[in-house]
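[1] here are the coordinates; sequence isn't available:
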């Protein structure tokens, strides 16, 4: 099969600063790894980096000579909101492509809208408030809380100061994020507890959880709130990177593990995630799971959490790609 591994090749950032560039640029390495994996499956595969405006994108997509697109596009010109626009172009062009449809990509990126959908489906999410200016009152919100941009992924805007303990601190933090990322800020109740990454393959009723992953915070900076910060994900020389290792889940009761899997699957299905995804979950002190985020089309690099979960489940990287390709090509 002829496969085009399509990714964003952003020449600049739409907002944020130079620290934010690492997450944007990592997709190029992921695309190369996926293309190599596709070739190992016996397919013809090449990578295509997308940049430019509507005319350039339309021309590149219209000229694709591929039977399937492996969609790794995360942004257009550094703007994550436009990720879904490229998926819409695949739809208009009649191209089969891997991963979630554009409506799911848009919903999951907007944290407030995603939580509204999950609440409507009775999936447990934490209480929150959205701040547009940073001056709105936060009466009734429980403390501590965490402040984050409403429509960024990859932990952009999250650091050790993101956890706040009162309204003035939350408002000040929100104003900084609003100025930096040019979007509202979300102030969400913070649960200090175990954090799990639940990798899922498939669609709808056929979706299945892989081996549970957990963030090991045992070597995190002393006294710091246990948060997967931007540095923890992307800055390999930081204490936060070294202190938040993603590993197989530590022992727990089967009832707790099943509650985590059930909650993750409910969230995955509610958001219409397709082919593969990851749901991030926290346990509170009573062992109740809360959905932090639903991630369609997560990082699929060989060393990323999804591939590691697949490996713990007995699925090689090449087999993981083949399963995704088979499902997408059969649509």
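    Arrived safely. Just so we're clear, the structure is a prediction, and the values are computed from it rather than from any experiment.
[2] partner residues bridging residue 148?
    With DSSP bridges as the criterion, the beta-bridge partners of residue 148 are residue 186.
[3] give me the pLDDT for it.
    Among the per-residue scores, residue 148 holds a pLDDT of 96.
[4] and it, what does it touch?
    Neighbouring residues of residue 148 by CB atoms under 8 Å, 6 or more residues apart in numbering: 111, 157, 158, 162, 177, 185, 186, 188. Placement of C-beta: from N, CA and C, glycine included.
[5] who wins on neighbours among those residues?
    Tallying neighbours with other CB atoms under 10 Å puts residue 185 at the head of those, with 28 neighbours.
[6] thought that one was touching residue 134?
    Yes - shown here, residue 185 and residue 134 form a contact pair, counting by CB atoms under 8 Å, at 6.7 Å.
[7] identify the contacts common to these two.
    Shared contacts of residue 185 and residue 134, defined by CB under 8 Å, 6+ apart, are found at 174, 175, 178.
[8] who are the contact partners of the first one?
    It refers to residue 174. Neighbour list for residue 174: 131, 134, 147, 185, 187 [criterion: CB under 8 Å, 6+ apart].
[9] which of those are buried?
    Buried members of the contacts of residue 174, scored by 16 or more other CB atoms under 10 Å, are 131, 134, 147, 185, 187.
[10] in JSON lines: the residues you listed, plus distance to residue 73.
    Shown next, in JSON lines, are those (distance: CB to CB, whole Å):
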{"residue": "131", "distance to residue 73": "29"}
{"residue": "134", "distance to residue 73": "31"}
{"residue": "147", "distance to residue 73": "28"}
{"residue": "185", "distance to residue 73": "26"}
{"residue": "187", "distance to residue 73": "30"}
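[11] and those residues, which is closest to residue 309?
    When those are compared for distance to residue 309, the smallest value, 29.0 Å, is given by residue 147; criterion: CB to CB.
[12] JSON lines for the shared contacts of residue 185 and residue 134, including pLDDT, distance to residue 226 and secondary structure?
    What follows is the shared contacts of residue 185 and residue 134, written out as JSON lines (pLDDT from 0 to 100; distance: CB to CB, whole Å; DSSP: H, G, I helix; E, B strand; the rest coil):
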{"residue": "174", "pLDDT": "97", "distance to residue 226": "21", "secondary structure": "helix"}
{"residue": "175", "pLDDT": "97", "distance to residue 226": "25", "secondary structure": "helix"}
{"residue": "178", "pLDDT": "96", "distance to residue 226": "25", "secondary structure": "helix"}
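[13] can you list these in CSV and add distance to residue 270?
    As requested, the shared contacts of residue 185 and residue 134 are arranged in CSV below (distance: CB to CB, whole Å):
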residue, distance to residue 270
174, 27
175, 32
178, 28
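[14] tell me the one of those nearest residue 289?
    Out of the shared contacts of residue 185 and residue 134, the member with the shortest distance to residue 289 (by CB to CB) is residue 174, at 26.8 Å.
[15] so residue 46 is in which element?
    Using DSSP states H and E, the element containing residue 46 is strand 44-50.
[16] just give the closest residue to residue 306, not the sequence neighbours.
    Nearest non-adjacent residue to residue 306, counting by CB to CB, 6 or more residues apart in numbering: residue 199, 4.7 Å away.
[17] can you classify that neighbour as helix, strand or coil?
    Recorded secondary structure, residue 199: strand (DSSP: H, G, I helix; E, B strand; the rest coil).
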